[in-house]
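> okay, predicted coordinates and the sequence, questions at the end:
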Amino acid sequence: MFRALFASLIALGTPALAADPHPVVTYSKQARFADVRDDVKAAIESKGLVIDYESHVNRMLERTGKDVGSARKLYTDAQAFVFCSASLSRKTMEADPANVAMCPYSIVVYATAQAPDRVYVAFRRPWRPDGSTASKAALKEVEALLDSIAREAVGVK
C-alpha cells in the first residue's frame, strides 16, 4: 500500500511536498505599533495600490471577548489591510478563474500583549497545489508583491 501511495505522489509531481510548509510569512521589528502600521500603509500605496478596507481585529476581539467567555488580552493592537492589484488579479484569474478566491489580498500588522514593542507584519501565501503552471506563476507574483510590501514596512531587504 505504501508503495502505491508513493508511486502516485511521484506521478503527480508531489505538489504538496514541494510547497513551503509555512502558509503564513511573518516579519518583525522592535518599534511602535503606530509607526509600523503607517509603514505598511505607505508600502501598499507606494506600489500604486489602494487600501479598500482596514479591519481593526484587536478592537473586535476586545469588544466580543466577554460574549465568547474570554477576556484574555492577546494584542496591544492588530489591524488588517485589504487591497488588490488590478493587473495581478486579472493575470491570476485569466490563468484560472478559481483564483478569484485569492482576492483581495491582505496584510496584517500586530503587536502582542506579551511583547508590545515587537511589531509583526504578516500575510498568507497565495498558493494552490492544484493550479496550472500559469496559475502558479501568477500567484508567485502576488506572493512577491505581498512579500515586498511586508519587507518594506519592517525595513528588511
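Alright, I've got the coordinates. What you are looking at is a predicted structure, and each value in this text was computed from that prediction instead of being measured. Numbers count the residues shown, from 1 in each chain.

> what's the strand or helix carrying Val109 packed up against?
Using DSSP states H and E, the element containing Val109 is strand 105-112. Secondary-structure packing of strand 105-112 (3 or more C-beta pairs under 8 Å, 6 or more residues apart in numbering; DSSP states H and E): helix 33-46, helix 57-64, strand 75-83, strand 118-124, helix 133-154. (Each C-beta comes from the backbone N, C-alpha and C, glycine too.)

> I'd like the ones you listed as CSV, with mean pLDDT, mean neighbour count and distance to Thr92 appended.
As requested, the helices and strands packed on strand 105-112 are arranged in CSV below (pLDDT from 0 to 100; neighbours: other C-beta atoms under 10 Å; distance: least, C-beta to C-beta, whole Å):
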stretch, mean pLDDT, mean neighbour count, distance to Thr92
helix 33-46, 98, 18, 18
helix 57-64, 94, 14, 26
strand 75-83, 98, 19, 15
strand 118-124, 98, 21, 14
helix 133-154, 96, 18, 4
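
> which one of the ones you listed lies nearest to Pro104?
In terms of C-beta to C-beta, the element of those nearest to Pro104 is strand 75-83, at 4.9 Å.

> parallel or antiparallel, list what pairs with the closest one.
Strand pairing for strand 75-83, using DSSP bridges, gives strand 51-55 (antiparallel), strand 105-112 (antiparallel).

> what's the neighbour count on Leu72?
Slight slip there: residue 72 is Arg, not Leu. 7 (other C-beta atoms under 10 Å).

> still on that earlier bit, what angle do the strand holding Val109 and helix 133-154 make?
Put simply, strand 105-112 runs at 40 degrees to helix 133-154, going by axes from the mean of the first three to the mean of the last three C-alpha atoms, to 10 degrees.

> output strand 105-112 as CSV, nothing but the C-alphas.
Output of strand 105-112 as CSV, limited to C-alpha atoms (Å, rounded to 0.1, in the frame of the first residue of the first chain):
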residue,chain,number,x,y,z
TYR,A,105,-5.0,40.5,-0.7
SER,A,106,-4.5,41.0,3.0
ILE,A,107,-1.6,42.1,5.2
VAL,A,108,-1.8,42.2,9.0
VAL,A,109,0.2,44.2,11.5
TYR,A,110,0.1,43.3,15.2
ALA,A,111,1.8,43.6,18.5
THR,A,112,1.1,41.1,21.2
